[in-house]
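Novice: Give me coordinates for this.
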Amino acid sequence: MKHRRIPKRRVVVAGAGIAALVAAAVTFQTANASEAPKAAVPQTLSVTAAGKLASTLGEDLGTDAAGTFYDAKAKSLVVNVLDKNAAKTVEAAGAKARIVENSLAELKSAHATLKQDATIPGTSWVTDPTTNKVVVTADRTVSKAEWAKLTKVVDGLGAVAEVQRTKGEFKPFIAGGDAISGSGGRCSLGFNVVKGGQPYFITAGHCTEAISTWSDSSGKEIGTNEQSSFPGNDFGLVKYTSGTAHPSEVDLYNGSSQAITHAAAATVGEKVTRSGSTTKVHGGTVTGLDATVNYGNGDIVNGLIQTDVCAEPGDSGGSLFDGDAAIGLTSGGSGDCTAGGETFFQPVTEALSTFGAEIG
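Specialist: Residues are numbered from 1 along each chain as shown. Next up, the predicted model:
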């Protein structure tokens, strides 16, 4: 299907832009989406069930699918589609259909253009299915000249993208679960995993690139790096020194812990919780997937989960989870847990696949 383009640039005021994304997940107000007529009542689904249905519909719809997200209030899956026939397929499967303008191919093409023409330190871009756009964000370090270049590129993308400012600064949170430290730096343990029958843990790659031997909060050595990937990705694998298996759980910093039984992919609109050694436990919502972040030092990380969960230095590598499901590893972001901000997470499923490991 061919889609008519009306060149238009959307510039969102700092601070208000982030709030607008969150509000959109509840109100479903969008400039270029319309409800399919006579929509059937969608099924009530858990996040896990919604994720499975999204995967199935993605295969069934092929190029007619244009993104999905979870409506936490209605507990239903919302699927963006390009025509009425696809909408009927979605509704028959028990999800809510929205007919939108931009296809996944067009959104991915926008990512490629931004990577080629607007890779500027202090910027990020992420596909937001609630608006059916690529949302581009510039932090406070982006100069006037760089902002002009960025807005020109976004303007050229027309209705596929919008650009906004954030008052914070994108940076890895190095300084996460329980504290782990070494060589004068501190991060957080993500999740305990098993590889080849041996105990390991995973954390952020920007942590394992800087530190090779790790100790717990008492100063006792607990492990050494085995694999590390940063930039590009942001995950690292550490082998426990003792060889003793450790339970797969997350410290809730209230005398209890959350058992982790498996890893799962994130869904936009999903409510998630983060645990880290600096700011302890905080919750929020997944606001975007497949985010690219250009940290201020020039390191670029792709394929991240974007959230409105707060974090601070030292939380890096820490656990992002939903009940007993491991979702992500804290990478970086802007803001703090006083003023708020946005935080990006490395998907756990990708890290486990790369390392050949599993939740123990």
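Novice: What strand or helix carries the spatially most central residue of the chain?
Specialist: When the chain is reduced to its mean C-alpha position, the nearest residue by C-alpha atoms, centre = their mean turns out to be residue 305, at 0.8 Å. Assessed by DSSP states H and E, residue 305 sits inside strand 300-307.
Novice: before we move on, what about residue 149?
Specialist: Going by DSSP H and E, residue 149 is in helix 144-156.
Novice: That helix: what's the following helix or strand?
Specialist: strand 161-165.
Novice: which residues of the stretch 51-200 of the chain fall in strands?
Specialist: 65-71, 76-81, 96-100, 123-128, 133-138, 161-165, 171-172, 179-182, 185-188, 191-195, 198-203 (DSSP state E, counting those that start in this stretch).
Novice: could you dump those to a markdown table with distance to residue 256, mean neighbour count and mean pLDDT?
Specialist: Bear in mind the C-beta positions are built from the backbone N, C-alpha and C, glycine included. Shown next, in a markdown table, are the strands of the stretch 51-200 of the chain (distance: least, C-beta to C-beta, whole Å; neighbours: other C-beta atoms under 10 Å; pLDDT from 0 to 100):
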| stretch | distance to residue 256 | mean neighbour count | mean pLDDT |
| --- | --- | --- | --- |
| strand 65-71 | 27 | 24 | 94 |
| strand 76-81 | 31 | 26 | 96 |
| strand 96-100 | 36 | 22 | 95 |
| strand 123-128 | 33 | 26 | 95 |
| strand 133-138 | 36 | 26 | 96 |
| strand 161-165 | 38 | 22 | 95 |
| strand 171-172 | 29 | 24 | 81 |
| strand 179-182 | 18 | 22 | 84 |
| strand 185-188 | 18 | 26 | 89 |
| strand 191-195 | 17 | 22 | 95 |
| strand 198-203 | 20 | 24 | 95 |
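Novice: And the ones you listed: which comes nearest residue 52?
Specialist: strand 76-81 (9.6 Å; C-beta to C-beta).
Novice: Distance from the closest one to the middle of the chain?
Specialist: Strand 76-81 sits 19 Å away from the centroid of its parent chain (C-alpha atoms, centre = their mean, to the nearest Å).
Novice: Run the angle between that strand and strand 96-100 for me.
Specialist: 30 degrees (axes from the mean of the first three to the mean of the last three C-alpha atoms, to 10 degrees).
Novice: Contacts made by strand 76-81 with the rest, please.
Specialist: The contact list for strand 76-81, computed with C-beta atoms under 8 Å, 6 or more residues apart in numbering, reads 28, 33, 36, 42-45, 50, 53-54, 57, 61, 64-71, 87, 89-90, 94-100, 129, 132, 269.
Novice: Check the residue nearest to the centre of the chain and give its pLDDT.
Specialist: What the model reports for residue 305 is a pLDDT of 98.
Novice: right, and it touches residue 291 too?
Specialist: Yes. Counting by C-beta atoms under 8 Å, residue 305 does reach residue 291; the two are 7.0 Å apart.
Novice: any shared contact partners between those two?
Specialist: Joint contacts of residue 305 and residue 291 (C-beta under 8 Å, 6+ apart) are residue 344.
Novice: The strands of the stretch 51-200 of the chain: which one's closest to residue 327?
Specialist: Set against residue 327 and scored by C-beta to C-beta, the strands of the stretch 51-200 of the chain come closest in strand 191-195, at 9.8 Å.
Novice: where does residue 207 land in three-state SS?
Specialist: Classification of residue 207 by DSSP: H, G, I helix; E, B strand; the rest coil places it in helix.
Novice: Not counting sequence-adjacent ones, nearest residue to it?
Specialist: residue 187 (3.9 Å; C-beta to C-beta, 6 or more residues apart in numbering).
Novice: Leaving out sequence neighbours, find the closest residue to residue 210.
Specialist: Per C-beta to C-beta, 6+ apart, closest to residue 210 is residue 185, 5.7 Å.
Novice: now residue 103
Specialist: Leaving aside its sequence neighbours, residue 103 sits nearest to residue 66 (C-beta to C-beta, 6+ apart; 5.5 Å).
Novice: thinking again about what came up before, save the strands of the stretch 51-200 of the chain as a markdown table, and put in distance to residue 245 too.
Specialist: Below are these laid out as a markdown table (distance: least, C-beta to C-beta, whole Å):
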| stretch | distance to residue 245 |
| --- | --- |
| strand 65-71 | 34 |
| strand 76-81 | 37 |
| strand 96-100 | 43 |
| strand 123-128 | 37 |
| strand 133-138 | 41 |
| strand 161-165 | 46 |
| strand 171-172 | 30 |
| strand 179-182 | 18 |
| strand 185-188 | 20 |
| strand 191-195 | 7 |
| strand 198-203 | 5 |
